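Asks: Fold the following.
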Amino acid sequence: MEGMIAFAGGPNPEDLQKMFMGMGFLASAFIVGAAGIVSLLGILYMTMVVAPNATQRLSGALRERNVLSFFAGIPVLGFFSVTGAVLHRHPALSALNVVAFGVVLILSFAAAAEDIGRRLYWACGKDGSRAAHLASGWLVFAFGALFPILGWFVILPWVSLSGMGSILVGLLSGRRTADPVRDIEFSEK
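Replies: Numbering: from 1, shown residues only. Below you'll find the model as predicted:
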């Protein structure tokens, strides 16, 4: 503390408060940036390494049936809300519920980001790899979700619920058909 007082040029409390707030802003900006990078790397890892076939199937289900995926996401969110309310007094089960919801959310964001990126590349008339689709889709989604009214109340809920619903739609469509999900934008006929 004495170092901060000496650096500020004396014991002026307003200058110390401004310096402290500036450091807090820098620390919070670093934490938000690090969380964004870690989430992007987690989604890349989930898509490319852990469950590439699942995220491709979910992305295909989201691409083919996006409105149905949105409405199917409401019961998924309701399920985790109800299990969270029931298990809130049991810390171990509640933590397990939070981890399961996190995995479902990462899978849904990976599918949604891949779908957004694929549509973005398709709109530009370009081809791209899955990693390029995922990275560009995640950046567009993350940038859109930053805006207060439109991003928080339209883009974030739409992408979250439709991504979670694509898990149900992808699982149900995977049982019904034996064909793999094809890319409808780039299919050659």
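
Asks: And for the nearest residue to residue 74 once chain neighbours are set aside, the neighbour number?
Replies: In this structure, residue 74 finds its nearest non-sequential neighbour in residue 161, 6.3 Å apart by Cβ to Cβ, 6 or more residues apart in numbering. (Glycine included, C-beta is placed from N, CA and C.) Residues within reach of residue 161, counting by other Cβ atoms under 10 Å, total 20.

Asks: How about residue 63?
Replies: Neighbours around residue 63, by other Cβ under 10 Å: 21.

Asks: Next one: it, what pLDDT does it get?
Replies: With respect to pLDDT, residue 63 scores 89.

Asks: what does residue 127 give?
Replies: 85.

Asks: ok, now residue 184?
Replies: If you check residue 184, the pLDDT there is 48.

Asks: try residue 53
Replies: Predicted confidence (pLDDT) for residue 53: 82.

Asks: Distance of it relative to residue 170?
Replies: Going from residue 53 to residue 170 by Cβ to Cβ, to the nearest Å gives 10 Å.

Asks: Who has more neighbours out of those two?
Replies: residue 170 (26 against 10).

Asks: who touches stretch 122-140?
Replies: Applying Cβ atoms under 8 Å, 6 or more residues apart in numbering, the external contacts of stretch 122-140 come out as 40, 43-44, 47-48, 52, 56, 109-110, 112-121, 185-186.

Asks: Show me how to select, in ChimeraX, the buried members of those.
Replies: Filtering those down to the buried ones (16 or more other Cβ atoms under 10 Å) takes a single ChimeraX command:
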select :40,43,44,47,56,109,110,112,113,114,115,116,117,118,119,120,121
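
Asks: just the strands in the chain please.
Replies: Counting by DSSP state E, the chain forms no strands at all.

Asks: Can you tell me which helix or strand of it has the lowest average pLDDT?
Replies: When each helix and strand of the chain is scored by mean pLDDT, DSSP states H and E, helix 2-8 comes last, with a mean of 59.

Asks: From one end of stretch 81-99 to the other, what's the distance?
Replies: Stretch 81-99 has its terminal residues 13 Å apart, counting by Cα to Cα, to the nearest Å.

Asks: what is the rounded mean pLDDT of it?
Replies: For stretch 81-99, the per-residue pLDDT averages 92.

Asks: For stretch 14-21, C-alpha coordinates in CSV please.
Replies: The C-alpha coordinates for stretch 14-21 follow below in CSV (Å, rounded to 0.1, in the frame of the first residue of the first chain):
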residue,chain,number,x,y,z
GLU,A,14,-9.0,9.8,-5.0
ASP,A,15,-5.9,9.0,-7.0
LEU,A,16,-5.5,5.8,-5.1
GLN,A,17,-9.1,4.9,-5.8
LYS,A,18,-8.8,5.6,-9.5
MET,A,19,-5.6,3.5,-9.7
PHE,A,20,-7.2,0.7,-7.8
MET,A,21,-10.3,0.8,-10.1
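
Asks: That'll do, ta.
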